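Student: Structure for the following, please:
(2 chains)
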Protein chains: 2
Amino acid sequence: MLDILNQHRTIRQYADKHISPELINTLLKAAAQASNTGNMQAYSVVVTTDAGIKRQLAPAHFNQPMITDAPAALTFCADFNRFTKWCEQRNAEPGYNNFQSFMAAAIDALIFAQTFAVAAESQGLGICYLGTTTYNAGEIIDILNLPKLVVPVTTITVGYPEFTPELTDRLPIEAVVHHETYRDYIPEKIDELYTEKESSEFYKNFVTENNKETLAQVFTDIRYSRKNNEFFSEKFLAVLKEQGFLN
Amino acid sequence: MLDILNQHRTIRQYADKHISPELINTLLKAAAQASNTGNMQAYSVVVTTDAGIKRQLAPAHFNQPMITDAPAALTFCADFNRFTKWCEQRNAEPGYNNFQSFMAAAIDALIFAQTFAVAAESQGLGICYLGTTTYNAGEIIDILNLPKLVVPVTTITVGYPEFTPELTDRLPIEAVVHHETYRDYIPEKIDELYTEKESSEFYKNFVTENNKETLAQVFTDIRYSRKNNEFFSEKFLAVLKEQGFLN
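Tutor: Take a look at the predicted model:
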């Protein structure tokens, strides 16, 4: 089992092979057994396999090819719509149109999503997370007909891998683990933790190809720039308000 | 592997048995191989085993006994502090003090957390998520010395189970799965989806013990009330602002 987790790689190219609806259902059932807030299960997933709807979703994911190439795209949503409707039908007054409820529902949706991912990988499938979901949540809401109190938080494309790519590097584990309390990073420690990554041929080429001086500049100037982050922050906050989670 | 996921139960009572630091490290390494945003690994975990610090954390978790009884409590944090410091040391201008970056980091932290949970369970350990983390994030920040751009999003207590409790019920899987697009719930469907839960002896007793008419009222009036949700919404938004994620 640890082997499966240690062998995780993102799969962006898929074999031309169908996934049976029964298998997806089995994986989702295993995922639904995972922890959630107060057993309210404040999440939903939309399983999209229809080529036409995947094509509609593609621009919201900046036309990353995985969305149309994978046999299935799963949009995981924070969902207090179902629970709220149940309360209203049971003479109870729901109070879930607020930010804390969104956070609880988003946590539930992400635990559900990652358990699905692990379940899928254990059965020989490969997955790719699409971080674009929170950039263009409003567009996804329109395409998938998501009602109020439902907000997409991540998307996973899934299929049989076309091939097995190399494992992706990670920082030394000590970079992300603190013992007892948080010990902030002194400059020498930052240098030490990023040395291996920065000295790899792969990342050196990546910096050169992007015409930058440092690897960090590829992130700040190109991949995750302040301008984009601020633009998509406003956009996502507006979606939370529109969907009723910021009253 | 699916068996492990299907057998998940929350463990709230732990045997008096130590977990070796090496095992925790092995589990965290497997978890760090999971997907994250742009390989920035915008998360950290604080592993607390010291009895004194666990006691300090307890009130922030409303004195749920797991926090002091479990051999280890892991606080998973959205963390753009480390990445920002790296950028600053590499002549790059970071722009991660905004809500979209918080969301990306929170997603990373939760994927990391749940992969740790699955890894732990595969090795015979039991876990419990503490949803109180987003209620009292400010208090946790003070106790664990979390700097700006670090916000705790969930806590997992972990240890060897004292015994194996019953599996917890879940809604029928069709309650949380939508095909192609979202199909909103008509009242008859809500009734159907919640019938099994509402007719169980366990929940009938739960309603009676809480002096309520319906199970939904136990949630809306006692466990997750509007008043509390709104109070903790304001509190968590203030923490995001204080930690620098809402500029």
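
Student: Geometric centre of chain A: which residue is closest?
Tutor: Nearest to the geometric centre of chain A sits A:Thr154, at 3.6 Å (CA atoms, centre = their mean).

Student: Do I have it right that that one meets A:Ala137?
Tutor: No - contact criterion CB atoms under 8 Å: A:Thr154 and A:Ala137 do not qualify, at 10.3 Å. All C-beta spots, glycine's among them, are computed from the backbone N, C-alpha and C.

Student: For A:Gly159, which residues are in contact?
Tutor: A:Gly159 makes contact with A:Ile11, A:Tyr14, A:Ala15, A:Lys17, A:Ile19, A:Asp69, A:Ala70, A:Pro71, A:Ala72, A:Leu125, A:Gly126 under the criterion CB atoms under 8 Å, 6 or more residues apart in numbering or on different chains.

Student: Can you classify the first one as helix, strand or coil?
Tutor: Here A:Ile11 is recorded as coil under DSSP: H, G, I helix; E, B strand; the rest coil.

Student: For stretch A:229-238, which outside residues touch it?
Tutor: Outside stretch A:229-238, the residues that reach it (CB under 8 Å, 6+ apart) are A:134-138, A:246, B:95-96, B:98-101, B:103.

Student: Which parts of chain A are helices?
Tutor: With helices called from DSSP state H, chain A shows them at A:2-6, A:21-32, A:51-57, A:66-69, A:81-88, A:99-122, A:137-144, A:187-199, A:201-209, A:215-217, A:226-242.

Student: what about the longest one and chain B, touching?
Tutor: Same thing as helix A:99-122. Yes - Helix A:99-122 lies within reach of chain B by CB under 8 Å from any CB of the partner chain, at A:99-101, A:103-104, A:106-107, A:110-115, A:117-119, A:122.

Student: So what's the residue count around A:Phe232?
Tutor: Counted with other CB atoms under 10 Å in any protein chain shown, the neighbours of A:Phe232 add up to 22.

Student: A:Ile141 too?
Tutor: 22.

Student: Show the contacting residues for it.
Tutor: A:Val150, A:Val151, A:Pro152, A:Val239, A:Gln243.

Student: thinking in terms of the whole chain, how far from its middle is the biggest strand by length in chain A?
Tutor: Ranked by residue count, the top strand of chain A under DSSP state E comes out as strand A:150-159. Its chain's C-alpha centre lies 6 Å from the corresponding centre of strand A:150-159 when counted by CA atoms, centre = their mean, to the nearest Å.

Student: partners of it, with directions?
Tutor: strand A:72-79 (antiparallel), strand A:126-130 (antiparallel) (DSSP bridges).

Student: can you list these in a markdown table and add mean neighbour count?
Tutor: What follows is those, written out as a markdown table (neighbours: other CB atoms under 10 Å in any protein chain shown):
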| stretch | mean neighbour count |
| --- | --- |
| strand A:72-79 | 27 |
| strand A:126-130 | 24 |
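
Student: Could you export those strands as CSV, including mean pLDDT?
Tutor: Listed next are the strands paired with strand A:150-159 as CSV, based on pLDDT from 0 to 100:
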stretch, mean pLDDT
strand A:72-79, 98
strand A:126-130, 98
